[in-house]
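Student: Dropping a prediction and its sequence here:
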Amino acid sequence: MSWRFTESGSLVRAAFFALIVRPVLLLAIGLNVRHRERLPKTGPAILAANHNSHFDTLALMALFPLAVLTNVRAVAAADHFGKANWTGRIARNLIGILPIERQDVSRHADPLAGIVEALDEGRILILYPEGSRGDPERRQAFKKGIARLAERCPYVPIFPVFLQGFGKVLPRGAFLPVPFYCDVVIGKPLAVAANRKETMVSLEEAVSALAETVPGAGGG
């Protein structure tokens with residue numbers, strides 16, 4: 001399985017974000033970004049965000065300069081985006097997701113192997129610790145996969161991110177986005193804690209603190 005792009009593919013991807021995604025975000029939806037300067041300029045790095053919509057990934061990727069965008073990958077479920085349908089082809093070939101198996105994984109398989117390899121190559125990865133999209137604007141408890149990843153890659157900084165509004169733009173089951181004002185707040189990178197529990201607590205507290213800075217969002 002490969003997530004490397006040809007030169008022509010990278011140009012198509014850059015054009016897609018420059019000519020379609022960014023105009024939609026700026027003109028049709030409206031986007032308020034706080035602390036954009038905190039985004040990593042090089043990898044390896046992890047952006048860990050709450051997750052309510054497929055638009056979350058497009059919005060986060062669109063924040064990066066086009067020259068950096070070629071190095072950014074969003075981790076997504078292979079059972080959903082690995083299918084041979086139009087959604088899967090767009091996700092893999094245009095957006096450039098990094099598929100991860102979450103079903104039918106044998107006890108001898110390493111579901112994190114592709115992610116670790118990408119980080120070792122210096123990629124910037126977008127991860128959603130909740131694991132899947134929840135109800136619009138309601139955060140779920142984070143799963144421990146990111147703590148296991150942090151334990152294996154303690155040299156990789158984790159940037160907490162809070163997203164607000166995208167669950168109303170493109171909620172689960174919807175196919176067309178609707179206008180709604182959205183917020184993205186980028187946090188400072190976290191140091192990996194001594195154990196998994198501390199890492200999880202630190203990350204959840206960091207995202208909650210970012211949520212407190214958004215009017216009406218609170219910690220939920």
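Tutor: Looks like it arrived, so ask away. Numbers count the residues shown, from 1 in each chain.
Student: quick one, helices of the chain?
Tutor: Here the chain has its helices, by DSSP state H, at 7-16, 22-23, 55-62, 66-69, 78-81, 86-89, 113-120, 145-152, 166-169, 196-212.
Student: show me the contacts for the closest residue to Ala206 other than its chain neighbours.
Tutor: Leaving out its chain neighbours, the residue that sits closest to Ala206 by Cβ to Cβ, 6 or more residues apart in numbering is Pro160, at 3.9 Å. In short, each C-beta sits where N, CA and C put it, glycine included. By Cβ atoms under 8 Å, 6 or more residues apart in numbering, the contact list for Pro160 reads 48-49, 187, 190, 203, 206-207, 210.
Student: repeat that for 6 Å
Tutor: Residues in contact with Pro160 (Cβ atoms under 6 Å, 6 or more residues apart in numbering) are 48, 187, 203, 206-207.
Student: With mean pLDDT as new columns, can the helices of the chain be given to me in a markdown table?
Tutor: Shown next, in a markdown table, are these (pLDDT from 0 to 100):
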| stretch | mean pLDDT |
| --- | --- |
| helix 7-16 | 72 |
| helix 22-23 | 88 |
| helix 55-62 | 89 |
| helix 66-69 | 89 |
| helix 78-81 | 54 |
| helix 86-89 | 61 |
| helix 113-120 | 93 |
| helix 145-152 | 90 |
| helix 166-169 | 74 |
| helix 196-212 | 92 |
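Student: List the beta-bridge partners for the residue nearest the centre of the chain.
Tutor: Using Cα atoms, centre = their mean, the residue of the chain that lies closest to the mean C-alpha position is Ile126, 3.1 Å off. On the basis of DSSP bridges, Ile126 is bridged to Leu47, Ala74.
Student: now it: how far from Glu212?
Tutor: 22 Å (Cβ to Cβ, to the nearest Å).
Student: and if you look at Leu31?
Tutor: Where Glu212 is concerned, Leu31 sits at a distance of 20 Å (Cβ to Cβ).
Student: Which one's more surrounded, those two?
Tutor: Higher neighbour count among Leu31 and Glu212: Leu31, with 18 against 13, using other Cβ atoms under 10 Å.
Student: quick revisit: pick the most buried one from the helices of the chain.
Tutor: helix 166-169 (a mean of 25; mean count of other Cβ atoms under 10 Å).
Student: surely Val214 meets Gln164?
Tutor: Yes - between Val214 and Gln164 there is a contact under Cβ atoms under 6 Å: 5.1 Å.
Student: for the helices of the chain, which one sits closest to Arg138?
Tutor: helix 166-169 (7.9 Å; Cβ to Cβ).
Student: still on that earlier bit, identify the residues contacting the residue nearest to the centre of the chain.
Tutor: Taking Cβ under 6 Å, 6+ apart, one finds 47, 60, 74 in contact with Ile126.
Student: Which single one of these is nearest to Cys182?
Tutor: Leu60 (11.3 Å).
Student: Look up how far Leu47 lies from the residue lying closest to the closest one once chain neighbours are set aside.
Tutor: Leaving aside its chain neighbours, Leu60 sits nearest to Ile126 (5.4 Å; criterion: Cβ to Cβ, 6+ apart). In this view, Ile126 and Leu47 are 5 Å apart by Cβ to Cβ.
Student: same check, this time on Phe55
Tutor: 15 Å.
Student: Now distance to Glu130 too, for the helices of the chain, in JSON lines please.
Tutor: Converted to JSON lines, these look like this (distance: least, Cβ to Cβ, whole Å):
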{"stretch": "helix 7-16", "distance to Glu130": "26"}
{"stretch": "helix 22-23", "distance to Glu130": "26"}
{"stretch": "helix 55-62", "distance to Glu130": "11"}
{"stretch": "helix 66-69", "distance to Glu130": "24"}
{"stretch": "helix 78-81", "distance to Glu130": "15"}
{"stretch": "helix 86-89", "distance to Glu130": "20"}
{"stretch": "helix 113-120", "distance to Glu130": "16"}
{"stretch": "helix 145-152", "distance to Glu130": "10"}
{"stretch": "helix 166-169", "distance to Glu130": "12"}
{"stretch": "helix 196-212", "distance to Glu130": "10"}
